[in-house]
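Colleague: sequence plus the predicted model coming up.
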Amino acid sequence: MAALDQTQVKEGVDQETVDAVREVGTYKYGWDTDIEMEYAPKGVNPDIVRLISEKNDEPEWMTEWRLAAFERWTQKEEPNWAMVHYPKIDFQDQYYYARPKSMEEKPKSLDEVDPKLLATYEKLGIPLKEQMILAGVEGAEDAPAEGRKVAVDAVFDSVSVGTTFQDELKRHGVIFCSISEAIREHPELVKKYLGSVVPVSDNFYATLNSAVFSDGSFVYVPPGVRCPMELSTYFRINAENTGQFERTLIIADKGSYVSYLEGCTAPQRDTAQLHAAVVEIIIEEDAEVKYSTVQNWFPGDENGKGGIYNFVTKRADCRGDRSKVMWTQVETGSAVTWKYPSCILRGNESQGEFYSIAITNNYQQADTGTKMVHLGKNTKSRIVSKGISAGKAQNTYRGLVSMHPKAKDSRNYTQCDSLLIGDKCGAHTVPYIEVKNNSSRVEHEATTSKVDDDQLFYCRQRGMDEEEAVALVVNGFCKDVLQALPMEFAMEAQQLVAISLEGSVG
Amino acid sequence: MALPEVKQNATEARLATLSLPEAGCTRAAREAALARVREMGLPSRRDEYWKYTHPDTLVSPEATPAALFKSDEPMMFDGFDRLKIVFIDGVFIAEASDDLSLEGVSIDRLEDICCKDIHWAKELYGVLEARGQSPVERPLAALNTAFATDGVAIHVTGKPSKPISLIYRHASETSDAILHHIVRVESGAEVTILENGPAASRFNKCMEIDIADGGALHHVRAQGRDHQRRAATHMFTRLGKESVYKSFTLTVNGVLTRNEQVVELTGDDAIAHVAGACVGDGDFHHDDTVFITHDAVNCESRQVFKKVLRNGATGVFQGKILVKEGAQKTDGYQISQSLLLDDDSQFLAKPELEIYADDVACSHGSTSGAIDETALFYLRSRGVPVKDATNMLTLAFLAEAVDEIEDQSLAEDIVTRLEGWLARRG
């Protein structure tokens, strides 16, 4: 924040605000952890697939499942319909498996985890201690302690380093562990649900993920249980030239409720890295899942060098009647984002919601949105998407709302707004609307505008510098989405909005 | 990149049924267009741009026969004072048409132009079509440029006293017509062009419109009557500084209609309004595909499309506003709405924005739903029978599109047609 350091702070400006803005450097999580790693050989082939399966101590059926997926992947073509451009990815020039040496023997408890790893998460603001609140969240102290617990599954490159609060969750019947552990301990659940929402050959990246996924989180909430705390997974890519392929499977059984948070960061490197995740959510009758993401992978530097290629398939299947899912995402990182968290509204009266803020700056490109597939009667969906483009970035909303003939009396409302900061960036909207019955109502609205000069003038008049003023206006623009986030993320997200746009003014 | 074999075969099969007509000064444009067709291949249902409309019957070697519509109802615009140019099954009929001379405009038949080596048409024929092939391919338009057998070239230099009316009659059940018109509106000139009639069993029409600085063109078109006809039409329009283009299309009936409008605003302060109303019943498929490019400062574009569908009819809308870098102060608006009168009909829409300039105000909206029960209840409580109330609300729904027609008497004629359609179908 060189500009800010030189700025004479005007009278009346809250010193705390200035400090907060000063503190948020360009990419705060760009450091790496010096730790001895163990890699699988570069490239992907059936041997690598077997090796990953073996490293995770997987049963035979899982290995076969992966190999079948790999076979399908070799026949698939990379999709090119998204409005993103990047050099061709050499899928054989990547490591598909990397784990810290110290994780060779799976630690039995958090006390045994390599202190270096613990320190990494500490530094990221995600201490792997069973503490009541997340560090650094203002106001959280005042909240009732019982409601503020957050269980964390920490994934470091290809492995899960530890999961907190497992015992307490177990008492409630909730299973929260790494997916590799679930494959070993709960094969019946994994067998039943894995690949049932995102089929193995769903798309190029999902198929690749099915073959080589190394770790991720698994959640099962039994019937009637309201998960006593928020669950979260924190993904960290550390190793160079390594792709991260995580797999998340969340099952909310009848009448249950769970709120799940996901965060991700990566060190600042010159070469682009691949991240292709799959998230599957199954929601049974009367159950509800809230899934919130703050995606802050390294976005590449101001010249577009490096960054994460983020190709993610996320889908929730509202199988039961009156089931409900809510996706909230704040996408500020990644050089290239290709991500469409979707809802299959199969159960009658099921509900899907999607709230998204996608911010792109410098040379970032984001093509993101959602699919709402209405199959059941009386289903409802709501889409609120806010795209912000600055620098030379391109930001695309791409979405589908589909009302099947049997989805009588269903309802969709879509609002997608784009904001442009600067005349070298782009904002695009590509919605698909398919309505096949007349009792359903579908409404789509989209606008594109620039930061309002009057609003900026007003803020500047009150003593804010231009960047702060833009951040404030943008935060206001994003308000609808920020409000949908759990408190832990809302704070972080607001700051991220400010960081991501840094340097985009003037 | 080589075309997939299936596509290449389908393209060659269609080309085998056609031969390049005598071309004169349009020869180079026709040959270039044929090369484009071979390079792109004709559309297939696997193409993203044809996701919602199956082009099979539009590209098949032979046209599907279509029965003629017998009706005592007079043709559209019958009572209007206009200069009539009549085509029957895609062939210009001099006896049925008016004398083509009118002050402020000169009109030549494409066939005559194709006997000459020098004509102003050379600068326009196929030019806007070729420009319109990027970023999205429109192979049927290129096919049209290459093989068009008839059409007119309209050169507007003043303000003609009456509209120029292109009338398309359908007489043979197996007709397969390809017409290509070009229109040049000179600086400060202004004209109204009307088009109506079912044209042919299969109709491929392309119109290229070049409007110079300060020129204005009003375009009102009615497609309809014969239910089994199929049509693919393209309108390519380029606008100069402070020029105006206003277009309205009414579609009733037709088993398959694909109307593509490609508008390019190349001069500052230009205005383009494109509107459409369609009412469809049964095995009716109607597709409005609009692509508006803003490439100048302070331009305005407006798209208003309304569709009323019932008994399993399908309405498609693919609209796009592209604002190029530097096209600041753009005001872009797009609305597409459907009213589904029963549960079997469907509305498929892809309203897109692609924006590379920051000081713009662009918005689009799209809705779909049934008749508003509350409004219906209100009318019924005032003693209006259900059928009349439904028709009133349907007309009110279509009004926003019809209101785009500036000429009041033309708008009234359109409304009368719509009322007739609703009354007959009620």
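Modeller: Received, thanks. Numbers count the residues shown, from 1 in each chain, chains lettered A, B, ... in the order given.
Colleague: residues contacting the residue in the stretch 151-300 of chain A that chain B sits nearest to?
Modeller: At 15.7 Å from chain B, A:Asn203 is the closest residue in the stretch 151-300 of chain A, using C-beta to the nearest C-beta. (C-beta placed from N, C-alpha, C; glycine too.) A:Asn203 is in contact with A:76, A:79, A:313, counting by C-beta atoms under 8 Å, 6 or more residues apart in numbering or on different chains.
Colleague: just the buried members of the residues you listed?
Modeller: For the contacts of A:Asn203, a neighbour count by 16 or more other C-beta atoms under 10 Å in any protein chain shown gives the buried set as A:Thr313.
Colleague: ok, so of the contacts of A:Asn203, who is nearest chain B?
Modeller: Taking C-beta to the nearest C-beta as the measure, chain B sits nearest to A:Pro79 out of those, at 11.8 Å.
Colleague: residues contacting the closest one?
Modeller: Counting by C-beta under 8 Å, 6+ apart, A:Pro79 has contacts A:203-204.
Colleague: my guess is B:Gly326 contacts B:Asp358. True?
Modeller: No: the criterion here is C-beta atoms under 8 Å, and B:Gly326 misses it with B:Asp358 at 10.5 Å.
Colleague: so between the two, which is more surrounded?
Modeller: More neighbours surround B:Asp358 than the other of B:Gly326 and B:Asp358, with 23 against 12 (other C-beta atoms under 10 Å in any protein chain shown).
Colleague: can you tell me which residues contact that one?
Modeller: By C-beta under 8 Å, 6+ apart, the contact set of B:Asp358 is A:420-423, A:425, A:450, B:328.
Colleague: are there residues contacting both of B:Gly326 and B:Asp358? Which ones?
Modeller: Common contacts of B:Gly326 and B:Asp358, defined by C-beta under 8 Å, 6+ apart, comprise A:Asp423.
Colleague: before we move on, the earlier item: most neighbours among the contacts of B:Asp358, which one is it?
Modeller: Among these, A:Cys425 has the most neighbours (other C-beta under 10 Å), with 28 neighbours.
Colleague: can you tell me the closest non-neighbouring residue to that one?
Modeller: Nearest residue to A:Cys425 in three dimensions, chain neighbours excluded: A:Ser389, at 3.9 Å (C-beta to C-beta, 6 or more residues apart in numbering or on different chains).
Colleague: separation between the residue of chain B found nearest chain A and A:Asn437?
Modeller: At 3.3 Å from chain A, B:Leu340 is the closest residue in chain B, using C-beta to the nearest C-beta. Per C-beta to C-beta, to the nearest Å, B:Leu340 is found 7 Å from A:Asn437.
Colleague: equivalent analysis for B:Thr293, please.
Modeller: Using C-beta to C-beta, we find B:Thr293 at a distance of 35 Å from A:Asn437.
Colleague: same question for B:Val105.
Modeller: From B:Val105 across to A:Asn437, the span is 49 Å (C-beta to C-beta).
Colleague: now do A:Pro100
Modeller: 54 Å.
Colleague: swap in A:Trp31?
Modeller: Counting by C-beta to C-beta, the gap from A:Trp31 to A:Asn437 is 54 Å.
Colleague: with B:Thr257 instead?
Modeller: As for B:Thr257, its distance to A:Asn437 is 23 Å (criterion: C-beta to C-beta).
Colleague: ok, these two, which is more surrounded?
Modeller: Legend: neighbour count by other C-beta under 10 Å for B:Thr257 and A:Asn437, higher for B:Thr257 (26 against 23).
Colleague: what's the helix or strand for the more buried one?
Modeller: In this structure, B:Thr257 is located in strand B:256-265 according to DSSP states H and E.
Colleague: kindly reformat the contacts of B:Asp358 as JSON lines containing distance to A:Lys106, pLDDT and secondary structure.
Modeller: Shown next, in JSON lines, are the contacts of B:Asp358 (distance: C-beta to C-beta, whole Å; pLDDT from 0 to 100; DSSP: H, G, I helix; E, B strand; the rest coil):
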{"residue": "A:Leu420", "distance to A:Lys106": "49", "pLDDT": "89", "secondary structure": "strand"}
{"residue": "A:Ile421", "distance to A:Lys106": "47", "pLDDT": "86", "secondary structure": "strand"}
{"residue": "A:Gly422", "distance to A:Lys106": "49", "pLDDT": "85", "secondary structure": "coil"}
{"residue": "A:Asp423", "distance to A:Lys106": "53", "pLDDT": "87", "secondary structure": "coil"}
{"residue": "A:Cys425", "distance to A:Lys106": "46", "pLDDT": "91", "secondary structure": "coil"}
{"residue": "A:Lys450", "distance to A:Lys106": "53", "pLDDT": "83", "secondary structure": "strand"}
{"residue": "B:Gln328", "distance to A:Lys106": "59", "pLDDT": "94", "secondary structure": "coil"}
